[in-house]
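Q: what would the 3D arrangement of this be:
(one chain, ligands or ions: 1)
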Amino acid sequence: MPLFAGTDLTCLRGERLVFQDLSFSVEAGGALVLLGPNGSGKSSLLRLMAGLLRPFAGGLSWDGAAVADDPDLHRGRVHYVGHLDAVKPVLSARENLAFWAEMGGAADPMAAALAALERLGVPHIADIPGRYLSAGQKRRLNLARVLAAPAPLWLLDEPSVALDRAGIGQLEAAIAEHRAGGGIVVVSTHAEIEVPEADTLHMDDFAVGMDGSPLE
Ligand SMILES: Nc1ncnc2c1ncn2[C@@H]1O[C@H](COP(=O)(O)OP(=O)(O)OP(=O)(O)O)[C@@H](O)[C@H]1O
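A: The predicted model follows:
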């Protein structure tokens, strides 16, 4: 049985039917890569998987149990890193991360924060206030959240944006390690990140136009 699955998902945003009849399944240690042009619904699907949006139709399951039966339990197993994650400008990078680590149940949030920054190659930004961080440093800080507290399901929305080659390599290594421990990763990308032996979902296959007809 797959650990994480979606069945016949339909996503409606505002008046727009974004995708329909979308199904996926991922085993423990597996990965799913979402591919598709701008506006094809990658972010919408990730938000749906995170429990931040409800499917208009269809449902998600974790270990055979419907996610909708206990949304709080599901949110506790998810690390979602979106496009617009906030970094608090007056807190240092380490304090920003410790806040998230504490929310995620880390035993020693400040130590977990520093360890996560080290894993993503930026221990030197630990004491720098958020407002002075570069775009790539902010991105690494947001991604470090997934390492600062354990959660089995990582949902990463275009994580390589603003990352340099070294940052992408560190992220790839973190994803591989997470999967080796039985974790699952779903990642939207324009193919900048290498995720070995991942299943691929082409959002175009499920997209529908404004009038309900399939997109050309
Ligand atoms: N809050 C919203 N209300 C209404 N429509 C929305 C909302 N957010 C997104 N949409 C629409 O849903 C569709 C899918 O958007 P989404 O952000 O999921 O695509 P994406 O594949 O992640 O795009 P990109 O590659 O540009 O990030 C788009 O047509 C978008 O305009």
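Q: pLDDT weak spots in the chain?
A: 209-216 (pLDDT under 70).
Q: around the ligand, which positions in the protein sit nearby?
A: 13-14, 16, 18, 36, 38-44 (C-beta under 6 Å from any ligand atom). (C-beta placed from N, C-alpha, C; glycine too.)
Q: so which of those sit within helices?
A: Taking DSSP state H, the ones among the residues of the chain next to the ligand that sit in helices are 42-44.
Q: which helices and strands sit right next to the longest helix along the chain?
A: As assigned by DSSP H, the longest helix anywhere in the chain is helix 165-180. Here helix 165-180 touches helix 135-148, strand 184-188, going by 3 or more C-beta pairs under 8 Å, 6 or more residues apart in numbering; DSSP states H and E.
Q: deepest of these, which one?
A: Neighbour counts (mean count of other C-beta atoms under 10 Å) averaged over each of these peak at strand 184-188, with a mean of 25.
Q: now the angle between helix 135-148 and it, please.
A: Between the axes of strand 184-188 and helix 135-148, defined by axes from the mean of the first three to the mean of the last three C-alpha atoms, to 10 degrees, the angle is 160 degrees.
Q: follow-up on the earlier one: just the CA trace of the longest helix of the chain, in PDB.
A: What follows is helix 165-180, C-alpha atoms only, in PDB (Å, rounded to 0.1, in the frame of the first residue of the first chain):
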ATOM      1  CA  ARG A 165      24.800  25.200  -7.800                       C
ATOM      2  CA  ALA A 166      26.300  24.400  -4.300                       C
ATOM      3  CA  GLY A 167      22.900  25.100  -2.700                       C
ATOM      4  CA  ILE A 168      21.100  22.800  -5.100                       C
ATOM      5  CA  GLY A 169      23.700  20.100  -4.300                       C
ATOM      6  CA  GLN A 170      23.100  20.400  -0.600                       C
ATOM      7  CA  LEU A 171      19.400  20.300  -1.100                       C
ATOM      8  CA  GLU A 172      19.700  17.200  -3.300                       C
ATOM      9  CA  ALA A 173      21.800  15.500  -0.500                       C
ATOM     10  CA  ALA A 174      19.200  16.400   2.200                       C
ATOM     11  CA  ILE A 175      16.400  15.000   0.000                       C
ATOM     12  CA  ALA A 176      18.300  11.800  -0.500                       C
ATOM     13  CA  GLU A 177      19.000  11.400   3.200                       C
ATOM     14  CA  HIS A 178      15.300  12.100   4.100                       C
ATOM     15  CA  ARG A 179      14.200   9.400   1.600                       C
ATOM     16  CA  ALA A 180      16.800   6.900   2.800                       C
END
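Q: buried stuff in that helix?
A: For helix 165-180, burial by neighbour count (16 or more other C-beta atoms under 10 Å) applies to 167-168, 170-171, 174-175, 178-179.
Q: tell me which of the residues of the chain next to the ligand is nearest to Gln137?
A: Of all the residues of the chain next to the ligand, Gln137 sits closest to Ser43, with 22.6 Å by C-beta to C-beta.
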